[in-house]
Each structure stands twice: as C-alpha cells, then as structure tokens.
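K.L.:
heads up, no residue letters with this:
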C-alpha cells in the first residue's frame, strides 16, 4: 500500500455525489459552510467538501481512513485507495508521460513537456499530490508544484517550447495544429530518451493518430512504444508533464507580456481580444506574429474593428475552413 497522505481529491458521478451528501447529512458529522459546495462537514480528524462540479475533497490526518473505510464501501462501491498498483500496474512501471499547454490559447507558446517515472518516482509524486494541471486552480500553485516536480525528477524531464514566431512558421508549413503537436511530442520524447535511453513506453493524451508522432520521431525514438488514450492525465507521469508544461507556458506569457507592455490573458476570450487590440494600436498588427498564434480567428476579430487586414499588416492569411459535408450512408 502506498504511503498515506493528508489530502485526497476524488471525482464523483452525480449519483455518488448525492449519496455522499446524504451520508454527511445523516451521519455523525459537524456541518460546515463552504462556497460552491453541495455539502461540507467535519468528521473524525478530517474535513470533507463536496463541490457542485462533482469533486470530493478530503483533508486532514484522518483523510485516508475516511476514504478507505467510509467513502469507498458506502459511496464508491469499490476499493481504490492504496491499490493503484493492483488496479493499474502500468501506472508505476518505468515510462514517460507527455502533455502540452497553450494549445487553446491565442497568446503565448505551445509547450510540450515529457516526464519520466519509475516505481520510486511515481510513489514520491503521488505523495506530493501531483495531479493534472487543469485541476490546479491558481497559477502560483501550478508554479509551486512544478518547482517541486523539477526538484524530484532531476534531469528526467524535458520541456519543448514553441514560441509564437516559430509556431506561426510551423503552421504555415504544416497547416495543422495536430501536426505541430505530433512534431513537438516527438521532439520531447527524443530529448528525454537521450537522458533515459532505456525508457520502454511513452504515454500521452489522444489528439490524433499515433502514426503522426511515429512519423515525426527520428531514428533514436522509433524503438519506444507509443500509447495514446483519453484522459491520460490520470497517469502520474502525464500529470507531472502537464504541470511542467503549464509552468513553462505561464513563465513565457509573463515575458511576452513584458515585451509588449500588455498583460496577456489566457484563452481566446473578450479580454484576449481587448489585449490584442491594445498590442496592434501600440506596435502594429505584425507584432501579433511574435506573441500570438495567428491562425486563430481571434486575429481577424482584432484587426477587423480597427479597419485592418491580414495582408495589410503582413500577417499570414486565415486558414481555409472547409464546410463539413456529411457522408451519405452506403447503399
């Protein structure tokens, strides 16, 4: 059984969430008030919060016992805690996880990170509560977690950052985000193989055919087993890579913002368009090539109201968007 920790986050189905809320309401618990919570209570040496999103957070020195002896038998109906090695033995065997950050963000680079784990490293990362970066709510918390991960991994990780200028050139050549992703994943895998040449397997989230990565791999990377699966971030190596990638993305966003003297928001929201408008007014449209992924429709949304065009600002044309035509069923 893995070493106990004092904080657990478990994703519940709507049915499990209702059952857990009923448990807290009728059992020997002291109710608590927590924002955005369906229910919250204090038990023996632990605090339990059930969020509207379905997340169950259990904290305190008695957290492991509550999960093991209450949540699992009465709500989940299955044993999970401490049995990761039994339920999913591949999760701790030597392998690397690969993940990216910045793919859906107009500003900033596309960052791909790869992290290697073995049974000892996997146990240590789990004890540190390393998890998918999307579940880490603040940038500071993500940076703090990344610092701890880097310290534990030593040289057994790599980060490949494709800055906006390079990204725009690659998109002009490859014409596909998935092809850029495959190239970046291949580079990260190759670079980590140089540090851990005996790594037998690489795991990543599913974003396209595995053959795309395989074709992008150069000779020294072709012997590794490639695996893609949905929600791969549940794997500890992929989770670590996701945090490292987000950390590098956040750091790059700060530096790019300083270069143009504009705070760069994440995503592709109205705030992003406002920041892009400010950049164009200050530095001209061509500056977007240095800070943004210009194939995004956001580029046109910024330029249009200013009476500017891609051609006039010396930006690449918008990618052709083919209308979807459903296939007719075979007769």
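P.N.:
Ah, there it is. Worth saying up front: this structure is predicted, and the values here are computed from it rather than measured.
K.L.:
now do the strands in the stretch 101-250 of the chain.
P.N.:
Remark: strands assigned in the stretch 101-250 of the chain by DSSP state E, counting those that start in this stretch are 110-117, 157-162, 201-205, 225-229.
K.L.:
which neighbouring elements make contact with the first one?
P.N.:
Looking back up the chat, that one is strand 110-117. Under the contact definition 3 or more C-beta pairs under 8 Å, 6 or more residues apart in numbering; DSSP states H and E, strand 110-117 sits against strand 95-101, helix 139-153, strand 157-162, helix 177-195, helix 236-260. All C-beta atoms are positioned from the backbone trio N, CA, C, and that covers glycine.
K.L.:
now swap in the second one and tell me
P.N.:
Taking 3+ C-beta pairs under 8 Å, 6+ apart as contact, the helices and strands that strand 157-162 lies on are strand 110-117, helix 177-195, helix 236-260.
K.L.:
any idea which of the ones you listed is most buried?
P.N.:
strand 110-117 (a mean of 29; mean count of other C-beta atoms under 10 Å).
K.L.:
and that one, which strands flank it?
P.N.:
Applying DSSP bridges to the sheet, strand 110-117 is found paired with strand 95-101 (antiparallel), strand 157-162 (antiparallel).
K.L.:
contacting residues around the residue nearest to residue 182 when sequence neighbours are not counted?
P.N.:
Leaving aside its chain neighbours, residue 182 sits nearest to residue 212 (3.7 Å; criterion: C-beta to C-beta, 6 or more residues apart in numbering). By C-beta atoms under 8 Å, 6 or more residues apart in numbering, the contact list for residue 212 reads 178, 179, 181, 182.
K.L.:
can you check residue 179 too?
P.N.:
By C-beta under 8 Å, 6+ apart, the contact set of residue 179 is residue 212.
K.L.:
do you know how far the residue nearest to the spatial centre of the chain is from residue 195?
P.N.:
Centroid-nearest residue in the chain, with C-alpha atoms, centre = their mean: residue 242, separated by 4.3 Å. Noted for residue 242: a distance of 19 Å to residue 195, by C-beta to C-beta, to the nearest Å.
K.L.:
which residues does stretch 52-64 contact?
P.N.:
So stretch 52-64 is contacted by 4-14, 17, 20, 36-38, 43-51, 66-67, 71, 81 (C-beta under 8 Å, 6+ apart).
K.L.:
quick check: buried residues in that stretch?
P.N.:
Residues 55, 56, 57, 58, 59, 60, 62, 63, 64 are the ones in stretch 52-64 that count as buried (16 or more other C-beta atoms under 10 Å).
K.L.:
widest-spaced pair of those residues?
P.N.:
55 and 62 (19.2 Å; C-beta to C-beta).
K.L.:
relative to the whole chain's centre, how far out is stretch 166-174?
P.N.:
23 Å (C-alpha atoms, centre = their mean, to the nearest Å).
K.L.:
how about the helices in the stretch 1-150 of the chain?
P.N.:
14-26, 63-66, 84-87, 119-127, 139-153 (DSSP state H, counting those that start in this stretch).
K.L.:
of all the ones you listed, which one is nearest residue 237?
P.N.:
Closest approach to residue 237 among the helices of the stretch 1-150 of the chain is made by helix 119-127 (7.4 Å; C-beta to C-beta).
K.L.:
average pLDDT for that closest one?
P.N.:
Here helix 119-127 scores 90 as its mean pLDDT.
K.L.:
quick one: low-confidence ranges for the stretch 1-150 of the chain?
P.N.:
Counting by pLDDT under 70, the ranges of the stretch 1-150 of the chain that qualify are 1-5, 78-91.
K.L.:
roughly how far does the closest residue to residue 132 other than its chain neighbours sit from residue 26?
P.N.:
Distances taken as C-beta to C-beta, 6+ apart place residue 233 nearest to residue 132, at 3.7 Å, with adjacent residues excluded. Distance, residue 233 to residue 26, by C-beta to C-beta: 35 Å.
K.L.:
likewise for residue 113?
P.N.:
For residue 113 relative to residue 26 (C-beta to C-beta), the value is 45 Å.
K.L.:
can you count the residues close to residue 96?
P.N.:
If you count neighbours by other C-beta atoms under 10 Å, residue 96 ends up with 28.
K.L.:
my bad, should have said residue 30
P.N.:
Going by other C-beta under 10 Å, the residues that sit close to residue 30 add up to 10.
K.L.:
can you pull up the bridge partners for the closest residue to it other than its chain neighbours?
P.N.:
Closest residue to residue 30 apart from its sequence neighbours, by C-beta to C-beta, 6+ apart: residue 42 at 4.4 Å. Taking DSSP bridges as the rule, residue 42 bridges to residue 30, residue 47.
K.L.:
for residue 42, what are its contacts?
P.N.:
Taking C-beta under 8 Å, 6+ apart, we find residue 42 in contact with 29, 30, 32, 48.
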